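Engineer: This is a predicted model, with the sequence first.
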Protein chains: 2
Amino acid sequence: MNLMRHRGLRFAAMARSTHTRISAVERRAQIIAATRKVALARGLHDLRVADVAAELDVSTGLIHYHFATKHELLEAMLRDTAAEELNAVMAAINERDDPTAQLEFMIDAYLPSPRGDQSWALWIDVWGETLRDPEVRRISEELDDGWVDVFAQVIAAGVESGAFQSEDPVAAAWRLCSLLDGLGLQVVLHSRTMSRAQMSAHVRRAAELELGYQLVGNARA
Amino acid sequence: MNLMRHRGLRFAAMARSTHTRISAVERRAQIIAATRKVALARGLHDLRVADVAAELDVSTGLIHYHFATKHELLEAMLRDTAAEELNAVMAAINERDDPTAQLEFMIDAYLPSPRGDQSWALWIDVWGETLRDPEVRRISEELDDGWVDVFAQVIAAGVESGAFQSEDPVAAAWRLCSLLDGLGLQVVLHSRTMSRAQMSAHVRRAAELELGYQLVGNARA
DNA sequence: TAGTCTACTGATTCATCAGTCAGTAAGAAG
DNA sequence: CTTCTTACTGACTGATGAATCAGTAGACTA
C-alpha cells in the first residue's frame, strides 16, 4: 500500500503530458468562467469543485491553488457574474436614447427565457445563500441596487421628457423591480401557473398604472 | 472490536430508561413539528436528521423508522406548514367582513417581521429546492395559488361592495402578491436597503394605484 | 404465559467531497 | 548550466451525515 502510494507520487505529475502553463490571472478567469458554466448547468447547490476541475480538464488541486476555499471561488464567480450582467444592461441602455425604448428593453431583459432560465435559477439559489453569507449578501445587494438605479434613471429621464409621470422615480423603480422579481419567481418555479407572456402583460399593466403611460406591448410568447 | 460491537448491541436499548411509547400518527406529528422548529432555527439547508432527533430526545433511527428518507420528512413538513399557513389566513379573513380590513390584514400578515423573519427565510430556501424537486414545486405552487386566491376573493368582494375598482381581480391579486414577494425578498435579504415600513408604504401605494382606493396606512415600523 | 406486533435504540456502515501535501516540471533569473 | 519560482498533479485525509440493522421492550392477543 505504502509502496503504491510512493510510486503514485513519484510519477504523478507525468501523467498529464500536454498540460498548458498559463499565467495566474488568466487561469483565475478560466476557473471563474468554468465555475459559472457548471453553476448554471447543475445549480449552485450541486456544484462540486471536482466538476469545475473536470470542466477545464485539470486537477482539483489546481482549483485550490488559485482559490483557497470553495466559498472564495463561488464569491469570485458571483461578483464577476453580477458585474457582467450590470455592465451588459447599462451598455444596452446607453445605445438607446428614448426612455420608452429603454424601459421596454429592460423589462424584456428581466423576463426569464422560456424553458428554464438558468440565470434566474442561479440567482434564486443565491437568495438562499444570501441568508447565510454576508459577503454573498453584499454581492446580491449591489446587483439589486444596480438594477433599481438603472430603472430609476430611465424613469427619471422619461419624466423629464414628459413620456412618464412619477412623483418618485426611485420608489417607482423599486416597485417595478420587486414586481419583476416576484413575477419572475412564478414563471421560473411554476411555469404552469404563469407564462412569460402573462408576466410581460402584468408588468406592462403595472408600468401603465405606475407611470401613466401605455407601453407598446410586444408581448411575444 | 467485534466483541465491543456485540456488547453495544446487547445493551443498546436499555440505555434510555424512560422512553415513552406513543402511537405512530402522534409520533409523526411530533417529528414534523420538531422538523419545522429546527428548519426555522437553523435553515432548511443546515437541517440534519440528528438535530430533529435531538430536539425530541430520541434516536436518529426513530426518525427513519417513521420517514424513510430525509427528503420524505422535509416534504411532509413543508406540506404541513403550507397548509397551516393558508388555514390561518383564511380563518383570519373569515373573522372580518369588510374587504378593506381584510386587505389590510393580509398585507400585514405578508410583511416580514422585523428582525430576520424565519418563516420568510424558510420559504426562500424552499424556492431553491423547488428548482430541483417536483414534489416541493407542487407544495410551493399550492401555497402561492392559495394566497392569490384569497387576495382575489377579497378584491372581488371589494369591487362588489364598491370599495375597490378592478377589471380583473385575479390579475390584480397576482400583481399584488408578486410585488409582496419581491419586496419581502429585499426586506429579508437586504434590510439595510429596505425596511418593513418602506415595504408597507410601497405596497399601499401599489394597492392604491391598482384598486383605486387609499388604504388607511398603519405603517408601523 | 407464551407469542407476536410495533415502536424504538444506537452503534455502525457507507458515500461524498473539500481541502492537503509531497512531489514534479516549465521557464525565468543569475 | 544551475538555482529558484511558479503553476500544477493526484493520491490521500478527514469530517460529515444519511441510512442501516441487529437487537430490545412494552403492549396487545390467543
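Structural biologist: Arrived safely, thanks for sending.

Engineer: Please make it C-alpha for all contacts and neighbour counts, starting now.
Structural biologist: OK.

Engineer: Which residue is the nearest non-sequential neighbour of A:His64?
Structural biologist: Nearest residue to A:His64, sequence neighbours excluded (C-alpha to C-alpha, 6 or more residues apart in numbering or on different chains): A:Lys70, at 7.9 Å.

Engineer: And A:Leu103, by the same measure?
Structural biologist: That would be A:Val154: by C-alpha to C-alpha, 6+ apart, it lies 6.6 Å from A:Leu103.

Engineer: now swap in A:Ile124 and tell me
Structural biologist: B:Gly128 (6.0 Å).

Engineer: where does the one you found land in three-state SS?
Structural biologist: Of the three states, B:Gly128 takes helix according to DSSP: H, G, I helix; E, B strand; the rest coil.

Engineer: Could you do A:Gly146 as well?
Structural biologist: helix.

Engineer: ok, it - contacts?
Structural biologist: By C-alpha atoms under 8 Å, 6 or more residues apart in numbering or on different chains, the contact list for A:Gly146 reads A:Leu86.

Engineer: Residue numbers of chain A in contact with chain B?
Structural biologist: Neighbours of chain B within chain A, by C-alpha under 8 Å from any C-alpha of the partner chain: A:121, A:124-125, A:127-128, A:130-131, A:137, A:141, A:171, A:175, A:177-183, A:189-190, A:193, A:202, A:206, A:209-210.

Engineer: Correct me if wrong: A:Ser59 contacts A:Ala53.
Structural biologist: Yes. With contact defined as C-alpha atoms under 8 Å, A:Ser59 reaches A:Ala53; the gap is 5.6 Å.

Engineer: quick revisit: pLDDT wise, what is the residue nearest to A:Ile124 at?
Structural biologist: In this model, B:Gly128 is scored at 97, pLDDT.

Engineer: For burial, what's the neighbour tally of it?
Structural biologist: B:Gly128: 26 surrounding residues under other C-alpha atoms under 10 Å in any protein chain shown.

Engineer: after the helix or strand bottoming out on mean pLDDT in chain A comes which helix or strand?
Structural biologist: Sorted by mean pLDDT, DSSP states H and E, the helices and strands of chain A end with helix A:2-11, the least confident at a mean of 35. Next helix or strand after helix A:2-11 toward the C-terminus (DSSP states H and E): helix A:24-42.

Engineer: Just give me the neighbour total for A:Ala91.
Structural biologist: Applying other C-alpha under 10 Å, we find 11 residues neighbouring A:Ala91.

Engineer: quick revisit: when A:Ser59 and A:Ala53 are compared, which one has more neighbours?
Structural biologist: A:Ala53 (19 against 15).

Engineer: surely that one meets A:His66?
Structural biologist: No. Between A:Ala53 and A:His66 there is no contact, the gap being 11.8 Å when judged by C-alpha under 8 Å.

Engineer: quick revisit: confirm for me that the residue nearest to A:Leu103 is in contact with A:Asp97.
Structural biologist: No. With contact defined as C-alpha under 8 Å, A:Val154 does not count as touching A:Asp97 (9.5 Å).

Engineer: of those two, who's got more company?
Structural biologist: The neighbour comparison of A:Val154 against A:Asp97 (other C-alpha under 10 Å) goes to A:Val154, with 24 against 11.

Engineer: and A:Gly61, how many neighbours does it have?
Structural biologist: For A:Gly61, the tally of surrounding residues (other C-alpha under 10 Å) stands at 12.

Engineer: what's the helix or strand harbouring it in contact with?
Structural biologist: With secondary structure defined by DSSP H and E, A:Gly61 is part of helix A:60-66. Applying C-alpha under 8 Å, 6+ apart, the external contacts of helix A:60-66 come out as A:24, A:28, A:31, A:49-50, A:52-53, A:70.

Engineer: and the helix or strand that that helix is followed by, average pLDDT?
Structural biologist: For helix A:60-66, the succeeding helix or strand toward the C-terminus, using DSSP H and E, is helix A:70-94. Helix A:70-94 shows a mean pLDDT of 98 in the predicted model.

Engineer: just checking, what packs against helix A:70-94?
Structural biologist: If contacts are counted by 3 or more C-alpha pairs under 8 Å, 6 or more residues apart in numbering or on different chains; DSSP states H and E, helix A:70-94 sits against helix A:24-42, helix A:99-110, helix A:134-161.

Engineer: Mind listing what's buried along the last one?
Structural biologist: Buried residues in helix A:134-161, counted by 16 or more other C-alpha atoms under 10 Å in any protein chain shown: A:136-137, A:139-144, A:146-159.

Engineer: Same question for the shortest one.
Structural biologist: Within helix A:99-110, the residues that count as buried by 16+ other C-alpha under 10 Å are A:99-100, A:102-104, A:106-107, A:110.

Engineer: got the end-to-end distance for stretch A:186-206?
Structural biologist: 16 Å (C-alpha to C-alpha, to the nearest Å).

Engineer: Could you pull up the mean pLDDT of it?
Structural biologist: Stretch A:186-206 comes out at a mean pLDDT of 97.

Engineer: any idea how far it is from the chain center?
Structural biologist: Relative to its chain's centre, stretch A:186-206 lies at 19 Å (C-alpha atoms, centre = their mean, to the nearest Å).

Engineer: list the buried ones in it?
Structural biologist: Here stretch A:186-206 shows A:186-191, A:194-206 as buried, counting by 16+ other C-alpha under 10 Å.

Engineer: With stretch A:161-170 instead?
Structural biologist: Neighbour-count burial for stretch A:161-170, counted by 16+ other C-alpha under 10 Å, picks out A:163-166, A:169-170.

Engineer: Could you list the residues in contact with it?
Structural biologist: A:99-100, A:148-149, A:151-153, A:155-156, A:158-159, A:172, A:210-213.
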